[in-house]
Each structure stands twice: as structure tokens, then as C-alpha cells.
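Asks: Predicted model and sequence below, questions to follow.
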Amino acid sequence: MVIQSALVGLIYWLAMGRASYFVSFAFRKPVVLGVFIGLVYGDVQAGLLYGATIQLMYMGGIEAGGNIPSDQALAACIAIPAALASGLEASAAVALAVPFGVLGVLINNVRRTINSFYNTRADALVEANKYDQLSLFSFVIPWLTNGVLYFTPVFIATLFGTNVIQAFLNVIPEWLMNGLANAGGMLPALGFALTLVVMGKKQYLPFFVLGFFMYAVLGFSMLTGAVFAVCIAMISSLFKQNSDEGEFA
């Protein structure tokens, strides 16, 4: 358990440490983290399922100016191990991920505050023409500090959190757990809705509402829903194309 917790902590550090921005930006997505956390726990399929479900919730998130509205990597790195160890439903794992995503914003702000001291030292080195020491305060020390800042909470939460979460789940009334599961099921739908609003395609909202309620009522898989969505989109596009051709005839 200690090794697994340490590995998940390292995964979170690599995801948010920004050693290479383009790599970390892709790596910190829950759907990607789910694969690696699944490898750590020996169940890639379940890890990917949890990660993909959590990812849906953040599809509409925009990091304006680099300010993250919610830390999806921390949400994944704590919720997915807990879900794998406790056998939670995917929707319940989403509900569990929400508060940790908010906590990650606080950790990110602490990182920026600490880095401001390193930036001041780096500016002083530039003024003194000591460029040989610049990389130490502009990259190496901040990155190692990020390691302590990011590794520690995930390691502790993963190591001790599973038993705490399991004990917590045992005392939760069934009606409350069902409520959390239903709320978690709605959060991915909210992510889709935000994406449509951001795209400026509000006329597609009826398709979203139709698809969401079809999924809720019929209970089909996500793949089946994707096939339905593609078919409806193609039919809609075909009708629109024929209408446009009729206007120019």
C-alpha cells in the first residue's frame, strides 16, 4: 500500500510539476491519469472508467491566464485510488472528486506564492550576471519544491484515506449515497453543457437535453450513446444540407 501511495504521489507530481508544460498539460487529464493509476492498482480497465467519467465533468473548464478553476489532476489522483480500493460506482467517484478538485486550487496558489520568492532570487542573479546559477532558481529548486508540495498530500490521502473513506462509506445512509451518485451522474452532463455554451452553439442544447434524459431513462452505455449521437448529428446535417440546396434551387 505504501508503494502504491508513493507511485500515485509521483504521478501527481509529474502531472502538475510542469517540468515540460506540454507533457504535463496532457498528462494531468483524468482520463490519462486513470490509465496509470489503474496500472499501479492492477486494474487498468476500472482506472480508465473512473478517469473517463471524471474527465467528462471538466470538459467545459477553461484555464484563463493559467488560473485553474479546479484541479482535475488532484481530483483524479485521490478519487480514483479510493474508488478502486472501495469498489465505488463511477458516478459516486465523480461526486468524491469534486471537493479535492477545489482543494487543488489552493495548493496551486500556494505553489505560486512560493515561486514568487524564487523569481525574486532569479531576477537578482540576472542583474548580477550570474547566469550559471539561474537555472537553479528558475527551474530546479521550484520543481523540487513542487515535488514536496504535490507529492505529500496525495501520498498521505492515498495511504490513509482509503480506510477512512471506507469507514465513512459504511456509516453513510443508503439514501444519501444514492443522492451523491445521482449528483455525480449529473456533473458530467454539466461539463457537456458548459462546453456547448462556451462554443457559442446554444442551439444544440436541445440535443444535449434529449441525449442526457435518454441516457438516464434507458441506461445504455457511453459507446451506445456516442453511436446515437453520431447518427442524430448526421441526420440533422443531412436535413440542413438539403434545406440549403433547396434555397438556391
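Replies: Received it, and whenever you're ready, just let me know what you need.

Asks: From here on, just use CA atoms for contacts and neighbour counts.
Replies: OK.

Asks: tell me the domain boundaries of this structure?
Replies: What the record gives for the chain is the domain set 1-198, 200-248, from the TED database.

Asks: tell me the mean pLDDT for the longest one?
Replies: When you say that, I think you mean domain 1-198. Average pLDDT, domain 1-198: 78.

Asks: Quick one: end-to-end length of stretch 135-142, please.
Replies: 10 Å (Cα to Cα, to the nearest Å).

Asks: Mind listing residues that contact it?
Replies: 115, 118-119, 121-122 (Cα atoms under 8 Å, 6 or more residues apart in numbering).

Asks: ok, so of those, who is nearest V154?
Replies: N115 (20.5 Å; Cα to Cα).

Asks: and the strand or helix carrying D123, which residues are buried?
Replies: D123 is part of helix 90-127 when elements are defined by DSSP states H and E. Buried residues in helix 90-127, counted by 16 or more other Cα atoms under 10 Å: 90-98, 100-102, 104-105, 107-108, 111, 115, 118-119, 122, 125.

Asks: was I right about Y50 contacting I80?
Replies: Yes: Y50 is within contact range of I80, at 6.2 Å (criterion: Cα atoms under 8 Å).

Asks: joint contacts of those two?
Replies: Contacts common to Y50 and I80, judged by Cα under 8 Å, 6+ apart, are 34, 93.

Asks: Give me the more crowded residue out of the two.
Replies: I80 (33 against 30; other Cα atoms under 10 Å).

Asks: how distant is whatever helix or strand that one lives in from the center of its chain?
Replies: Taking DSSP H and E as the criterion, I80 maps to helix 72-86. Centre-to-centre, helix 72-86 and its host chain are 10 Å apart (Cα atoms, centre = their mean, to the nearest Å).

Asks: Okay, buried residues for that helix please.
Replies: 72-84.

Asks: could those residues go into TSV alongside distance to I3?
Replies: What follows is the buried residues of helix 72-86, written out as TSV (distance: Cα to Cα, whole Å):
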residue	distance to I3
Q72	23
A73	20
L74	18
A75	20
A76	18
C77	15
I78	15
A79	18
I80	16
P81	13
A82	15
A83	18
L84	16
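
Asks: Not counting sequence-adjacent ones, nearest residue to the most centrally placed residue in the chain?
Replies: Taking Cα atoms, centre = their mean, the centroid of the chain lies closest to Q72, which sits 2.9 Å from it. Leaving out its chain neighbours, the residue that sits closest to Q72 by Cα to Cα, 6 or more residues apart in numbering is G101, at 5.5 Å.

Asks: Ok, T158 next?
Replies: Using Cα to Cα, 6+ apart, the closest residue to T158 is S5 (5.3 Å).

Asks: Do I have it right that the one you found meets T152?
Replies: No: with contact defined as Cα under 8 Å, S5 does not reach T152; the gap is 10.0 Å.

Asks: The two: which is more packed in?
Replies: Taking neighbours as other Cα under 10 Å, S5 and T152 compare with S5 leading, 25 against 18.

Asks: And that one, how close does it get to L159?
Replies: 5 Å.

Asks: what does I235 give?
Replies: Taken as Cα to Cα, the span from I235 to L159 is 51 Å.

Asks: who has more neighbours, the two?
Replies: L159 (21 against 12).

Asks: Who are the contact partners of that one?
Replies: The contact partners of L159, taken as Cα under 8 Å, 6+ apart, are 1-2, 5.

Asks: So which of the residues you listed is the closest to A229?
Replies: The closest of the contacts of L159 to A229 turns out to be S5 (Cα to Cα; 39.0 Å).
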